[in-house]
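# give me the fold of what follows.
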Amino acid sequence: MNKIYLEISKLSDKFKKMSYGLTKDKEEIDDAVQELYIYFFERPELVKKIYTENGLDGITRYGAVVLKRSLTSTRSPFYYKYKKYYKNLTGVTYKMSSSYIGKSYENYDNSIYNMAEEKVESITHDQLDKIDAVLEGMYWYDVKIFELYYSGETLDSLAAKTKISRNSLFTTIDKVRTILKKELLDE
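Residues are numbered from 1 along each chain as shown. Just a heads-up that it's a prediction; the model follows:
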């Protein structure tokens with residue numbers, strides 16, 4: 001496996017060049033390529049299978065698909081790890097002029113200190129009592145699935161534990177959320 005990983009590590013520049021078609025941000029490209037290597041490292045059986053069947057060409061093509069998905073999909077782990085949090089950075093603009101050129105330039109200060117402030121609403125005991133009252137009037141199955149999900153379970157882990165399809169779980173949770181919103185907003 002080490003031999004395969006050494007060969008894959010030589011593809012770094014190739015993966016970076018592929019990414020320039022999707023974004024021009026060098027840091028984003030570096031992060032995406034790094035995440036690609038983590039992806040490969042976490043799946044040694046898959047990497048070995050692709051390498052034995054198609055060699056480095058197969059790894060390159062597979063890496064291109066993973067990179068494209070990472071940089072363009074809002075459902076990719078890369079999006080949740082990087083883009084989702086940093087897209088809220090404000091573009092604080094400051095102008096600087098250079099007397100020897102006579103032009104002004106706009107620079108954007110995208111730092112963590114410019115992060116948009118998050119509104120946090122505190123939930124009162126009255127609101128929690130209303131939620132409990134609405135849940136008491138629902139079918140026990142829907143309430144139990146809803147409680148399990150909001151106790152910290154993900155849809156995938158809940159599906160694995162209960163042997164209920166992920167789509168069915170999502171539909172149930174979404175139905176309960178919709179009823180709660182309707183009931184609580186009508187009051």
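# quick one: the nearest residue to Phe170 once chain neighbours are set aside and Glu147, what's the gap?
Nearest residue to Phe170 in three dimensions, chain neighbours excluded: Leu155, at 6.0 Å (C-beta to C-beta, 6 or more residues apart in numbering). (C-beta placed from N, C-alpha, C; glycine too.) According to C-beta to C-beta, to the nearest Å, Leu155 and Glu147 sit 14 Å apart.
# check Tyr80 too.
When C-beta to C-beta is applied, the distance between Tyr80 and Glu147 equals 25 Å.
# go on, Phe41?
Phe41 is 37 Å from Glu147, where distance means C-beta to C-beta.
# helices of the protein, start to end?
Assigned by DSSP state H, the chain shows helices spanning 2-9, 12-19, 26-42, 44-72, 77-78, 84-86, 125-136, 140-150, 155-162, 166-186.
# between the last one and helix 140-150, how big is the angle?
Computed by axes from the mean of the first three to the mean of the last three C-alpha atoms, to 10 degrees, the angle separating helix 166-186 from helix 140-150 equals 90 degrees.
# helix 125-136 and helix 166-186, what's the angle between them?
Computed with the same axes, to 10 degrees, the direction of helix 166-186 lies at 130 degrees from that of helix 125-136.
# give the buried residues for helix 166-186.
Residues of helix 166-186 classed as buried under the neighbour-count rule (16 or more other C-beta atoms under 10 Å) are Leu169, Thr172, Ile173, Val176, Ile179, Leu180, Glu183.
# any idea which helix or strand in this structure has the lowest mean pLDDT?
Within the chain, judged by mean pLDDT, DSSP states H and E, the helix or strand with the poorest mean is strand 92-98; its value is a mean of 42.
# for the closest residue to Phe146 other than its chain neighbours, what are its contacts?
With C-beta to C-beta, 6+ apart as the criterion, Phe146 has its nearest non-adjacent residue at 4.3 Å, and that residue is Val176. For Val176, the contact set (C-beta atoms under 8 Å, 6 or more residues apart in numbering) comprises Leu135, Met138, Asp142, Val143, Ile145, Phe146.
# do the same with Gly152
By C-beta under 8 Å, 6+ apart, Gly152 lies in contact with nothing.
# phi, psi of it?
The phi/psi pair for Gly152 (degrees, to the nearest 10) reads phi 120, psi 0.
# and the gap between it and Leu158?
The separation that Gly152 has from Leu158, given C-beta to C-beta, amounts to 10 Å.
# cheers, nothing more for now.
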